[in-house]
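Sequence first, predicted coordinates after that:
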Amino acid sequence: MSGAAERTGRGNTPLAVAGLCLGVVLAVVDQTIVGTALPRIAAELGTGASAGWVVTAYLLTSTATGVLYGRASDRFGRLPTFLTAVGVFTAASALAGLAETLPQLVALRAVQGLGAGGLFSLASIVLAELFPAERRGRAQGYLGAIMAVGSVGGPLAGGVLTDTVGWRWIFYVNVPLGLLAMLFAGVGLRLPRPASVPRVDAPGSALLAAAVAVLMLAAEWGGREHAWTSPVILGLAAGAVVLLAAFAAWERRAPEPVLPPRLLRDRVVRITYPASMLLGALLFGGSVFLPMYFQGVLGMDATRAGLALIPLMLAFVAASALSGRTAGARGPLLLGAAGVTAGFAALYLTAGSYPPMAAALALIGAGIGLLMQPLVAMTQRAVPAPELGTATSALIALRGLGGTLGISLFATIVSLAHTADYTSAIPRVFLAALPLCAVLFLLLLATPHPRPGAAPPEPPGGAPAAEAAGGAAR
């Protein structure tokens, strides 16, 4: 590496990247690591019927606050915001391991999510500023590969820790890793200060976080804890609509909005945002029900069911690493959408036999790998430099929201099968994914071709990437 890709001021980019990636791994792993420990947690802390909130609380707060971190880092600086996010996550992890009741654990998982929301978005934001334009897509691709390993490795790590040293260590292990992430980022990360510092849009931030939280509650409860037509779900849906309308009205007149309406006027952003939501629904929705199918139908234990997802992970990692070379090109995007579509179709047609299902999982993993981080890179290239943080955090939050909605949609489809037999119920999820894949393909078909020689946005402050190396510590 050289220039901005090697040094940033008195910092060290490899060390900074290590800290950012470690933070992302912690946040991603904690989305899934708890699942395999839930039976033990419920047995020890009681109220097993509410144990699912240990997962839901984390997803709720990480998604609701994720979109706010971009603007917060514009205001307070990338490094202080990242260190705050890691600090909140690490402290909550230490306390979660000490929880004596389920409500305590749920509350601390919600606090964990407050920190995790920043870890998801800030890594993508900072990578876009650390690396020159021609290497930015590759850096995002490698980040996607790391996220893939973390998401699949979470259940395996949770199972091993729970079976060996106890479920509390799935939280304790975050403490030294979180401190290490803070050390690496604190020593290595230096970025130039922005030319102007935006004000915090407190009303807009509160309205947006509340709207996302209410919408996610409706998605989490709908079809499971309450019927979709129940007063509770209808009330939550109406509340989300009212809050979103109030947010939109406020943002149109806010002097420095948390999510500038002009972002949505960009043609690329109008494609990447809904595409990321669909991708989140397909990835997270599918990954929840596949282990259930492997255990309930193919007779695998929890560890083998986790290992059965390795073809998806390996293909995801390989495709993510390659995707950086072609980020934004329409052909690879359409190839990725076609791979996801073919993979879900093959899952439906070959359900019941693992070897052909493994090949289908590889298709899905490769397809998602060709899409996930290139959508981030496309968004970052399309928006002005002062709005890079906001645009990136919004996209990543929408991906998480799409994942929650996808899980809810697929859970409803399984429940409508009116059978406890996963043999026929879960393949309906694979079939239901196909219309989502079709919409995703059509969206990407409208992707504009990159303009030859088009330059991506400059880093904040107007300095080119090579000059940013000499900026003041942020």
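Sure thing, it's come through. What you see is a predicted model; the values in this text were computed from it and never measured. Numbers count the residues shown, from 1 in each chain.

can you pull out the helices in the stretch 51-200 of the chain?
Ranges of helices in the stretch 51-200 of the chain, per DSSP state H, counting those that start in this stretch, are 53-76, 78-96, 102-130, 133-164, 169-172, 174-188.

Next: the stretch 201-350 of the chain.
Taking DSSP H, counting those that start in this stretch, the helices of the stretch 201-350 of the chain run over residues 202-221, 231-253, 267-296, 302-307, 310-323, 330-350.

Specify the stretch among those helices that is closest to residue 396.
The closest of those to residue 396 is helix 267-296. By CB to CB, the value is 7.7 Å. (Each C-beta comes from the backbone N, C-alpha and C, glycine too.)

Return the list of helices and strands in contact with that closest one.
helix 133-164, helix 302-307, helix 330-350, helix 354-369, helix 372-382, helix 388-415, helix 422-425, helix 427-445 (3 or more CB pairs under 8 Å, 6 or more residues apart in numbering; DSSP states H and E).

JSON lines for these, including mean neighbour count?
Below are those laid out as JSON lines (neighbours: other CB atoms under 10 Å):
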{"stretch": "helix 133-164", "mean neighbour count": "21"}
{"stretch": "helix 302-307", "mean neighbour count": "18"}
{"stretch": "helix 330-350", "mean neighbour count": "20"}
{"stretch": "helix 354-369", "mean neighbour count": "22"}
{"stretch": "helix 372-382", "mean neighbour count": "26"}
{"stretch": "helix 388-415", "mean neighbour count": "24"}
{"stretch": "helix 422-425", "mean neighbour count": "16"}
{"stretch": "helix 427-445", "mean neighbour count": "19"}
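
Please identify which of the ones you listed is closest to residue 122.
Using CB to CB, the helices and strands packed on helix 267-296 put helix 388-415 closest to residue 122, at 7.8 Å.

any idea of the mean pLDDT for that closest one?
Averaging pLDDT along helix 388-415 gives 81.

which stretches of the stretch 351-474 of the chain have low pLDDT?
Confidence mapping of the stretch 351-474 of the chain against pLDDT under 70 gives the ranges 418-421, 449-474.

Show the contacting residues for the closest residue to residue 428 other than its chain neighbours.
The spatially closest residue to residue 428, leaving aside those adjacent along the chain, is residue 413, at 5.2 Å (CB to CB, 6 or more residues apart in numbering). Counting by CB atoms under 8 Å, 6 or more residues apart in numbering, residue 413 touches 428, 429, 432.

Which member of those is positioned nearest residue 383?
residue 432 (33.1 Å).

what bits of the stretch 151-300 of the chain have low per-residue confidence?
192-198, 200.

try it again with 90
151-167, 186-229, 244, 247-267, 280-281, 283-300 (pLDDT under 90).

tally of neighbours for residue 17?
23 (other CB atoms under 10 Å).

For it, give its distance to residue 130.
Using CB to CB, to the nearest Å, residue 17 is found at 7 Å from residue 130.

and for those two, which residues touch both?
residue 139.

returning to that earlier point: let me know which of the helices of the stretch 201-350 of the chain is the nearest to residue 175.
Here helix 302-307 is closest among the helices of the stretch 201-350 of the chain (CB to CB), at 24.0 Å.

how is this protein carved up into domains?
3-201+256-468, 202-255 (automatic domain parsing).

residue contacts, the residue nearest to residue 393 when sequence neighbours are not counted?
Closest residue to residue 393 apart from its sequence neighbours, by CB to CB, 6+ apart: residue 70 at 3.2 Å. Taking CB under 8 Å, 6+ apart as the criterion, residue 70 is in contact with 121, 125, 388, 389, 390, 391, 392, 393, 394.

Distance of residue 70 relative to residue 138?
Separation of residue 70 from residue 138 (CB to CB): 22 Å.

Excluding chain neighbours, what is closest to the residue positioned nearest the centre of the chain?
Centroid-nearest residue in the chain: residue 400, 4.9 Å away (criterion: CA atoms, centre = their mean). Spatial nearest neighbour of residue 400, chain neighbours left out: residue 63 (4.1 Å); criterion: CB to CB, 6+ apart.

pretty sure that neighbour is in contact with residue 399, am I right?
No: using CB atoms under 8 Å, residue 63 makes no contact with residue 399, being 9.0 Å away.

list residues touching both of these two?
Here residue 63 and residue 399 have no joint contacts, going by CB under 8 Å, 6+ apart.

OK, contacts around the residue nearest to residue 285 when sequence neighbours are not counted?
Distances taken as CB to CB, 6+ apart place residue 406 nearest to residue 285, at 3.3 Å, with adjacent residues excluded. Residue 406 makes contact with 280, 281, 282, 283, 284, 285, 436 under the criterion CB under 8 Å, 6+ apart.
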